[in-house]
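Trainee: Below are the sequence and a predicted model for it; my questions follow.
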Amino acid sequence: MRYLTPICLCLALAACGGDFSNDDLEFQNAIPRREDLMAKVLGQEQAKARALRVASKVQALQLGRLGELSGIIGDTSETGRDFNDSVGNMLQAIENIRTQPATSRGPNRRVWGPFLGKNDMKFDTRFVMTREGGRFDYHLQLRDVGEGEGDWWSFLSGHFEATGGVRRGTGSLILDLKRSREEGYLGVDFIDGEEIHYQTRTFPTRVELVWILADTTLPLPTRYVYREGEGGVAEMTFELVQTDFVLGGLKEDMALTTRWAPDGRGLAAVEILRGDIPGAKYTECWDAQGKVTFISRSWDIFNPTEGVRASCPDLSALDR
């Protein structure tokens, strides 16, 4: 995502502060902030759990063992950090807009720029926002230096609809990497786009990160969902593909949902989508130190559970 850097520098250099009207602030508050969309990553034991998993030298989601550190904590923490990196990189392209006055204003329109390409930058840049009722649409646009008004194309597009007060509502951001490649701007060959869809209107809040792959045969996860409920409880859902979850001739694709409380206690539910035991389900709970307190395996008819189910934390605030 470093190909955003020229745009960020351009918008940052244009920032000069100034006074903002209440109408200006409405436009600026429609742009999401990092703290609104980023995941609260699992806490103090994540480094230990991740180190344990790496030390095993097996690229797999490890089955838990009662009383030992949960390997799922490490996988979820690592995924949470990657999730936050992706969200932060998308937002850095537009977050400077909140700190500077618009170049031109209309009753329901604001434009920042155009900022003309300089030195080795071959693109002009501008940021355009429009308002219709409570909905705001915005576009970070580029064009080759010297081209006309009709030649602008949107590198990043987004919208926000306020339904729950200031900065509370629903929105999305869409990064068009396919068009970027076609226009000769920097991009990634195997990714056509990145999308963020979110609702911050009510608890539990929800942020979904989606990757659009140019090559759909690549064994890469494409969707992550983070939710946060009242009291700081949180949930991360994502897929792990081509991992050795159980012994057998096939690798597994599985859906993993991890929930945790602010004190570090948590639970994870794994469903095997493809592999040696499709349809099988695995559940694991851990305490504040990250140690496994309960295990359930749907495929094990002789020893389906271990530990005490009542040790699992109450995370029902996420059930709504």
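Mentor: Nice, I can see it.

Trainee: Helices of the stretch 101-250 of the chain, residue ranges please.
Mentor: For the stretch 101-250 of the chain, the helices defined by DSSP state H, counting those that start in this stretch cover 177-182.

Trainee: ok, then the element right after the least confident helix or strand in the chain by mean pLDDT?
Mentor: None of the helices or strands of the chain scores lower by mean pLDDT, DSSP states H and E than helix 46-55, at a mean of 44. Once the chain leaves helix 46-55, the next helix or strand it forms, by DSSP states H and E, is helix 71-91.

Trainee: which non-adjacent residue is nearest D151?
Mentor: R143 (4.5 Å; C-beta to C-beta, 6 or more residues apart in numbering). Glycine gets a C-beta too; all of them are placed from N, C-alpha and C.

Trainee: Test my guess that the one you found contacts F155.
Mentor: No. Assessed by C-beta atoms under 8 Å, R143 is found out of contact with F155, at 10.4 Å.

Trainee: on that earlier part again, check the gap between the residue nearest to D151 and F238 for me.
Mentor: In this view, R143 and F238 are 36 Å apart by C-beta to C-beta, to the nearest Å.

Trainee: Look up phi and psi at the closest residue in space to K281 that isn't next to it in sequence.
Mentor: Setting aside the residues directly before and after it, K281 is nearest to S298 in space (C-beta to C-beta, 6+ apart), at 4.4 Å. Backbone torsions for S298, taken as degrees, to the nearest 10, come to phi -70, psi -20.

Trainee: check contacts around S298.
Mentor: S298 makes contact with 280-282, 304, according to C-beta atoms under 8 Å, 6 or more residues apart in numbering.

Trainee: same thing but 10 Å
Mentor: Residues counted as contacts of S298 (C-beta atoms under 10 Å, 6 or more residues apart in numbering) are 271-272, 277, 279-283, 304.

Trainee: cool, A39 as well?
Mentor: A39 neighbours (C-beta under 10 Å, 6+ apart): 76-77, 79-84, 87, 207, 209, 224, 226-228, 234-236.

Trainee: Just the buried ones among those residues, please.
Mentor: 76-77, 79-80, 83-84, 87, 207, 209, 224, 226-228, 234-236 (16 or more other C-beta atoms under 10 Å).

Trainee: which regions of the protein sit below the pLDDT cut-off?
Mentor: 1-19, 43-62, 118-121, 187 (pLDDT under 70).

Trainee: Would you confirm that G134 contacts T163?
Mentor: Yes. Here G134 reaches T163: they are 7.0 Å apart, a contact under C-beta atoms under 10 Å.

Trainee: Can you pull the residues that touch both of those two?
Mentor: G169.
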